[in-house]
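Sequence first, predicted model second:
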Amino acid sequence: MNFQVTDFDAASSARCGVLSTAHGEIHTPIFMPVGTVGSVKGVFHRDLKEDIRAEIILGNTYHLYLRPGLDTLRKAGGLHRFENWDRPILTDSGGFQVFSLSPIRKLTEEGCVFRSHIDGSKHIFTPENNVDTQRIIGADIVMALDECCPGDADYAYAAKSLKLTQGWLERCVRHFDETEPLYGYPQAFFPIIQGCVYPDLRKASVEHAAALDREGYAIGGLAVGEPTEKMYEMLELVCPLLPKDKPRYLMGVGTPANILEGIARGVDMFDCVMPTRNGRNGMLFTWDGIMNMRNAKWTQDFGEIDPKGTSFVDHCYSRAYLHHLFIAGEMFAAQLASEHNLAFYLDLVRTAREHIQAGDFLAWKDHIVPQLSQRV
């Protein structure tokens, strides 16, 4: 994997780059649709490529490990072949999912013991078998096993959690370097920066991870309960400390405003379930603001869904029609809304790239963020 920074915004830390992988190039800043179990919910791969123009999608190690399972994925030749996706894939190690299973998991220096949310069966993720699992999945970008520390954790817990994550990281790196990819193409490895909202812990995490000299770095443990301003404060601390020639990935974030503020602080890569999850529940993100398609105000609004949008969904269907589908409980509503939202998010980062290249990103960002955040 190779990463080249191509443009900088003089008034902020925003930048553009090209991330090259065996399955294609990724132009940053980029948003990555979440395909947790081997699909982006309700969206055809054809539309992901042609209409949404996704350059990379995610899979989740925890979910894929449980279902369909490693034997099936290995026999299929990896996740790319299994789901018929020929562009890059990143896999989350499952640390966040394990974090969310707190009543049915136990963390030790050896690894994480957890029970399946499907059938209650007992499993363990160690740094070593987690790397092996992501080798079998075949992702282009592999993430380190970590503990996602709660955003409201006290200092003592956050320090203990970071020590555990750092020990796991060293073992992940060692095992990754001692093993080989399985399907004839290289894989990259990203450590995850943790430390909750404590500057000294975040700094220590960056220094420890950067010393391992990996292909890129993720910033985890944000947007998990801490105030938004704390998240921005941590980004302002962490991003300048990370290697300038490596991509920076902010995990699980977020709203359109969060993404633009993250870009302004030097983040290159984002993912979040919000476009599809909120879309399935009738929330649309548009260039004019946020729309709740269940509201009666759209009943006879025959205008385009988002006149400023780039998706065919925006211009082929009316607000009244989408409102009707949601009220009628039609699954087509969730599909159209998900596709619109993903297309909007990808259009948002493409437009951000254009403004970085034009040299006016910060002024554009400050102007557009209030508009994107308002309720329509």
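Done, it's in.

my read: K246 touches G216, true?
Yes. Using CB atoms under 8 Å, K246 is in contact with G216, at 5.1 Å. C-betas here are computed from N, CA, C, even on glycine.

and for the two, which residues touch both?
F3 (CB atoms under 8 Å, 6 or more residues apart in numbering).

Over to F3: give its phi and psi.
F3 adopts backbone torsions of phi -130, psi 130, taken as degrees, to the nearest 10.

Report the beta-bridge partners for it.
L19 (DSSP bridges).

what about it, how many neighbours?
Using other CB atoms under 10 Å, the number of residues around F3 comes to 20.

ok, it touching G17?
Yes. Contact status for F3 versus G17: in contact at 5.9 Å, counting by CB under 8 Å.

Between those two, which contacts overlap?
P247.

what secondary structure does D119 sit in?
For D119, the assignment made with DSSP: H, G, I helix; E, B strand; the rest coil gives coil.

Would you mind measuring from it to L66?
From D119 across to L66, the span is 9 Å (CB to CB, to the nearest Å).

which one of those two has more residues nearby?
It is L66, of D119 and L66, that has more neighbours when counted by other CB under 10 Å, with 19 against 8.

Tell me who's in contact with the more buried one.
S116, H117, I118, H123.

before we move on, what about M293?
For M293, the contact set (CB under 8 Å, 6+ apart) comprises G282, M283, L284, R319, L322, H323, F326, A333, A337.

any chance of these in CSV, with secondary structure, distance to E226 and pLDDT too?
Below are those laid out as CSV (DSSP: H, G, I helix; E, B strand; the rest coil; distance: CB to CB, whole Å; pLDDT from 0 to 100):
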residue, secondary structure, distance to E226, pLDDT
G282, coil, 28, 98
M283, strand, 23, 98
L284, strand, 27, 98
R319, helix, 35, 98
L322, helix, 34, 98
H323, helix, 35, 98
F326, helix, 32, 98
A333, helix, 33, 98
A337, helix, 29, 98
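
mind listing the strands for the stretch 151-300 of the chain?
Counting by DSSP state E, counting those that start in this stretch, one finds strands in the stretch 151-300 of the chain at the ranges 188-190, 192-193, 217-219, 248-250, 269-271, 283-286, 289-292.

Quick check: which of those is buried the most?
Neighbour counts (mean count of other CB atoms under 10 Å) averaged over each of these peak at strand 192-193, with a mean of 30.

Would you point out which residue is most central in the protein?
D271 (2.0 Å; CA atoms, centre = their mean).

what's the neighbour count on the closest residue to that residue other than its chain neighbours?
In space, D271 comes closest to M32 once its chain neighbours are excluded; the distance is 4.3 Å by CB to CB, 6 or more residues apart in numbering. Neighbours of M32 under the rule other CB under 10 Å: 24.

Which segments of the chain make up each domain?
The chain is divided into the following domains under automatic domain parsing: 31-272, 279-373.

Distance to S12 added to those domains, as TSV?
Formatted as TSV, the domains of the chain follow (distance: least, CB to CB, whole Å):
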stretch	distance to S12
domain 31-272	4
domain 279-373	4
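
out of those, nearest to F8?
For those, the distance to F8 is smallest for domain 279-373, at 7.4 Å, taking CB to CB.

Can you give the distance of the closest one from its chain's centre?
How far domain 279-373 lies from its chain's middle: 19 Å, per CA atoms, centre = their mean, to the nearest Å.

same check, this time on stretch 151-163
How far stretch 151-163 lies from its chain's middle: 23 Å, per CA atoms, centre = their mean.

Ok, stretch 234-243 next?
18 Å.

Was I right to think L222 contacts C148?
No. At 9.6 Å, L222 does not count as touching C148 under the criterion of CB under 8 Å.

Comparing those two, which residue is more hemmed in?
More crowded of L222 and C148, by other CB under 10 Å: L222, with 28 against 23.

measure the more buried one to P150 for me?
Counting by CB to CB, the gap from L222 to P150 is 11 Å.

doesn't N258 make contact with the residue nearest to the centre of the chain?
No. Counting by CB under 8 Å, D271 stays clear of N258, with 11.8 Å between them.

In PDB, please show the C-alpha coordinates belonging to stretch 153-160.
What follows is stretch 153-160, C-alpha atoms only, in PDB (Å, rounded to 0.1, in the frame of the first residue of the first chain):
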ATOM      1  CA  ALA A 153     -14.300   6.700  31.500                       C
ATOM      2  CA  ASP A 154     -12.200   8.000  34.400                       C
ATOM      3  CA  TYR A 155      -8.500   8.500  34.000                       C
ATOM      4  CA  ALA A 156      -7.600   5.300  35.900                       C
ATOM      5  CA  TYR A 157      -9.700   3.100  33.700                       C
ATOM      6  CA  ALA A 158      -8.600   4.900  30.500                       C
ATOM      7  CA  ALA A 159      -4.900   4.400  31.400                       C
ATOM      8  CA  LYS A 160      -5.400   0.700  32.200                       C
END
